[in-house]
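Trainee: predicted coordinates and the sequence they were generated for:
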Amino acid sequence: MTDERPLAGRIALVSGASRGLGRATAVELATAGAYVVCTARSTRERATQTDVDDLTLEGTVEALRAAGGDGEWHRCDHAEPDQVEALLRDVLGRHGQVDVLVNNAWGGHDHHDDPGGEEVWDEPMDQFRAMLLGGAYSDFVTTLLTLRLAMGPAGSGLVLTTTWHTPEPPAWVPYEASKAAKNRLVYALGYHLQDKGIPVIAVAPGWMRTELMEAHVAPDVLAGQTESPHLAARVMAALAADPEVIRWTGQVVDVGEMADHYRVDDLDGTRPHGNAGRYVPSPVPPPMPTTGG
């Protein structure tokens, strides 16, 4: 392990790694030295998104290797316990450990891209179910199986979950409620695992310029209001490298605040605070001291 590769020797599993924040997280963890197991449902043979070229697992592994890291990919639906258990048993059989889990899988927009009708009761009945299955339930399945098969027996590990601050006043009902379920799951797991020294932390980015966002939203709308997925990804790499990360277990931490704490910048050298004023912030320690001459 070195300062440049603080995660050397770690095995990280990133779900939803075919695009967006999942792809950026896989690249940043690999750049920090972790061997990254990338999972999702989208492969070049069976792509789930075709609006942008190569939002696939193969593309992610090529990207992280181009950045100087290493990893592998597996097609897996994280809402299916049998698939997740088979994945974990295979990874453990070959690598012997899973040190970092990043729950980033999200299938909540598979069926509907927009809210329902004019009234709240016009919402399609299957939208909330899709968001629960593609979000909190897949997090629940993957975390519990990873704890049962890997982190629990090892007595160590870190679970990170990508999420969304639930703002005041609330926005789209099924989306807000499903994200609240994810956040409460993190809180409950953090509480029950604190004595075992296995932190469970939710990480909330601002509005991100993902590949699909850039394909569908005008550049002038995105300009000055967004951050790249790599800012949140670099925050997660910093959390994984922090020996005192347990201090945030059970919490939803904000990417902008954590970027200040760890002195992490986005790809363009900025440090945006996309969620400022939209939620009640949690207490965050002061920035870490700088090193060097």
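Mentor: In hand now; what should we look at?

Trainee: heading C-terminal from the host helix or strand of residue 174, find the next helix or strand.
Mentor: Per DSSP states H and E, residue 174 falls inside helix 173-193. Toward the C-terminus, helix 173-193 is succeeded by strand 200-204 as the next helix or strand (DSSP H and E).

Trainee: per-residue pLDDT of residue 171, please?
Mentor: Residue 171 is assigned 85 on the pLDDT scale.

Trainee: give the helix, strand or coil label for it.
Mentor: Residue 171 carries the three-state label coil when classified by DSSP: H, G, I helix; E, B strand; the rest coil.

Trainee: quick check: phi and psi at it.
Mentor: Main-chain dihedrals, residue 171, degrees, to the nearest 10: phi -100, psi -130.

Trainee: can you show me the strands along this protein?
Mentor: Listed in chain order, the strands of the chain (DSSP state E) span 11-14, 35-40, 70-75, 100-103, 158-162, 200-204, 252-254.

Trainee: quick one: these as CSV, columns for mean pLDDT and mean neighbour count too.
Mentor: Where you see a C-beta, it was placed from the backbone N, CA and C, and this is true even at glycine. Shown next, in CSV, are the strands of the chain (pLDDT from 0 to 100; neighbours: other C-beta atoms under 10 Å):
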stretch, mean pLDDT, mean neighbour count
strand 11-14, 98, 28
strand 35-40, 97, 28
strand 70-75, 97, 18
strand 100-103, 98, 28
strand 158-162, 98, 26
strand 200-204, 98, 26
strand 252-254, 96, 23
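
Trainee: looking at those, which is nearest to residue 89?
Mentor: strand 70-75 (11.6 Å; C-beta to C-beta).

Trainee: list the contacts of the closest one.
Mentor: With contact meaning C-beta atoms under 8 Å, 6 or more residues apart in numbering, strand 70-75 is reached by 17, 26, 30, 35-41, 43, 46, 57-58, 60-61, 64-65, 87, 90-91.

Trainee: then stretch 182-199?
Mentor: Stretch 182-199 is contacted by residues 135-136, 139-140, 143, 147, 151-152, 155-159, 161, 163, 166, 200-202, 245-246, 248-252 when judged by C-beta under 8 Å, 6+ apart.

Trainee: of the residues you listed, buried ones?
Mentor: Burial by neighbour count, judged by 16 or more other C-beta atoms under 10 Å, picks out 135-136, 139-140, 143, 147, 151, 157-159, 161, 163, 166, 200-202, 246, 248-252 from the contacts of stretch 182-199.

Trainee: looking at this structure, which helix or strand is least sure?
Mentor: Lowest on mean pLDDT, DSSP states H and E among the helices and strands of the chain sits helix 211-216, with a mean of 69.

Trainee: and the residue nearest to residue 162 when sequence neighbours are not counted, what does it touch?
Mentor: Excluding the flanking residues, the one nearest residue 162 by C-beta to C-beta, 6 or more residues apart in numbering is residue 104, at 4.7 Å. Residues near residue 104 by C-beta under 8 Å, 6+ apart: 14, 15, 16, 17, 21, 22, 25, 161, 162.

Trainee: ok, residue 67 next?
Mentor: Listed by C-beta under 8 Å, 6+ apart, the contact partners of residue 67 are 27, 30, 31.

Trainee: closest to residue 266 among those?
Mentor: Distance to residue 266 across these (C-beta to C-beta) is lowest for residue 27, with 13.7 Å.

Trainee: I figured the closest one hits residue 68, correct?
Mentor: No: if you go by C-beta atoms under 8 Å, residue 27 and residue 68 don't touch, sitting 9.7 Å apart.

Trainee: who's more crowded, the two?
Mentor: Comparing residue 27 with residue 68 by other C-beta atoms under 10 Å, the one with more neighbours is residue 27, at 29 against 11.

Trainee: list the contacts for the residue nearest to the more buried one when sequence neighbours are not counted?
Mentor: Nearest residue to residue 27, sequence neighbours excluded (C-beta to C-beta, 6+ apart): residue 64, at 4.7 Å. Shown in contact with residue 64 (C-beta under 8 Å, 6+ apart): 26, 27, 30, 31, 36, 38, 70, 71.

Trainee: if you set the cut-off to 6 Å instead, what comes out?
Mentor: Shown in contact with residue 64 (C-beta atoms under 6 Å, 6 or more residues apart in numbering): 26, 27, 30, 71.

Trainee: please name the bridge partners of the closest residue to residue 71 other than its chain neighbours.
Mentor: When the adjacent residues along the chain are set aside, residue 71 lies closest to residue 36, with 3.6 Å between them (C-beta to C-beta, 6+ apart). Residue 36 has these beta-bridge partners by DSSP bridges: residue 12, residue 71.

Trainee: quick one, what contacts residue 36?
Mentor: When contacts are counted by C-beta under 6 Å, 6+ apart, residue 36 touches 12, 14, 26, 29, 30, 71.
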